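Student: quick one: sequence plus predicted model below, questions after.
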Amino acid sequence: MATAEQNNREENNLNPRKNSRLIRTVQAHFYPDLIVSSPEVIDYERLKSMGFQVILLDVDNTLVLHGSHEGDAFARAIVTKVEQAGLIPVIASNAREHRARSFADSLGVEFISQAKKPGIEAICQDLTKRSCAYHNALMVGDQLLTDVWAARKAKIPVILTEKRSPHEIITVKMKRVIERLIRLLGGKDDWEMLKVIDYDVLMRRPRS
């Protein structure tokens, strides 16, 4: 028969809310700064006034439906908003160069292909060439295991958007299962608080 001490130990191991170190670790690596319903609701002019220079835009299920080779009206509208705010839109995609170039050219913007997110080498090299400090760039994407994790490793502020479409390839669907576990481990209440739009939180992150 298990003792009370053993039962408490097992309960603590199963209940992530009782493990503050685990919560902090999960949030530090996988929680974004803000969560929005769509990249079109982001106040890019506000971001410009805060000192941001470059907006790193994910492609699949952020700007367009997964697998698209060209930007549609929605993607063009986002790029236009970014440019009108005086910011530089840069496509940051894990896609191969041919597809990334085709997509970026359709929108008339620059791109980073084969970014290998959550790897950060390609993104950091691009920002360095632009003489843009990492904290003056902003990642916008829909996935925790690629966009958010990459941004966290590079100390780039990041806004998570809801996915544009429920239709995804199997590998992404598998990542979504892990994302649900991450939200559970990090805490639902803290996750929901990220949906309260407070752009000032973007400036409170450790700077590069």
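Tutor: Received the coordinates, thanks.
Student: assign residue 179 to helix, strand or coil.
Tutor: Put simply, residue 179 is helix when judged by DSSP: H, G, I helix; E, B strand; the rest coil.
Student: mind listing what it touches?
Tutor: By CB atoms under 8 Å, 6 or more residues apart in numbering, residue 179 lies in contact with 143, 144, 145. To be clear about C-beta, it is placed using only N, CA and C from the backbone, and glycine gets the same treatment.
Student: tell me the SS of the nearest residue in space to the first one that is not next to it in sequence?
Tutor: The spatially closest residue to residue 143, leaving aside those adjacent along the chain, is residue 175, at 6.4 Å (CB to CB, 6 or more residues apart in numbering). Classification of residue 175 into helix, strand or coil gives helix, according to three-state DSSP.
Student: need the pLDDT of residue 175.
Tutor: Residue 175 carries a pLDDT value of 95.
Student: re the thing from before, can you say which of the contacts of residue 179 are buried?
Tutor: Listed as buried from the contacts of residue 179 are 143, 144, 145; burial here means 16 or more other CB atoms under 10 Å.
Student: residue 36 contacts residue 161, correct?
Tutor: Yes: in this structure residue 36 lies within contact range of residue 161 using CB atoms under 8 Å: 5.5 Å.
Student: residue ranges with poor pLDDT in the protein?
Tutor: 1-18, 205-208 (pLDDT under 70).
Student: which parts of it are helices?
Tutor: Ranges of helices in the chain, per DSSP state H, are 4-14, 20-30, 44-49, 73-84, 97-107, 121-129, 149-154, 170-186, 188-193.
Student: mean neighbour count, those: which tops it?
Tutor: When the helices of the chain are scored by mean count of other CB atoms under 10 Å, the highest mean neighbour count falls to helix 149-154 (a mean of 22).
Student: for the nearest residue to residue 76 once chain neighbours are set aside, what are its contacts?
Tutor: Closest residue to residue 76 apart from its sequence neighbours, by CB to CB, 6+ apart: residue 107 at 6.1 Å. Residues near residue 107 by CB under 8 Å, 6+ apart: 71, 75, 76, 79, 89, 91.
Student: one more: residue 162?
Tutor: Residue 162 sits next to 35, 36, 37, 38, 142 when contact means CB under 8 Å, 6+ apart.
Student: swap the cut-off to 10 Å and go again
Tutor: 35, 36, 37, 38, 39, 61, 62, 142, 195 (CB atoms under 10 Å, 6 or more residues apart in numbering).
Student: please, a ChimeraX command that selects the buried ones among these?
Tutor: The following ChimeraX line selects those of those that are buried, judged by 16+ other CB under 10 Å:
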select :35,36,39,61,62,142
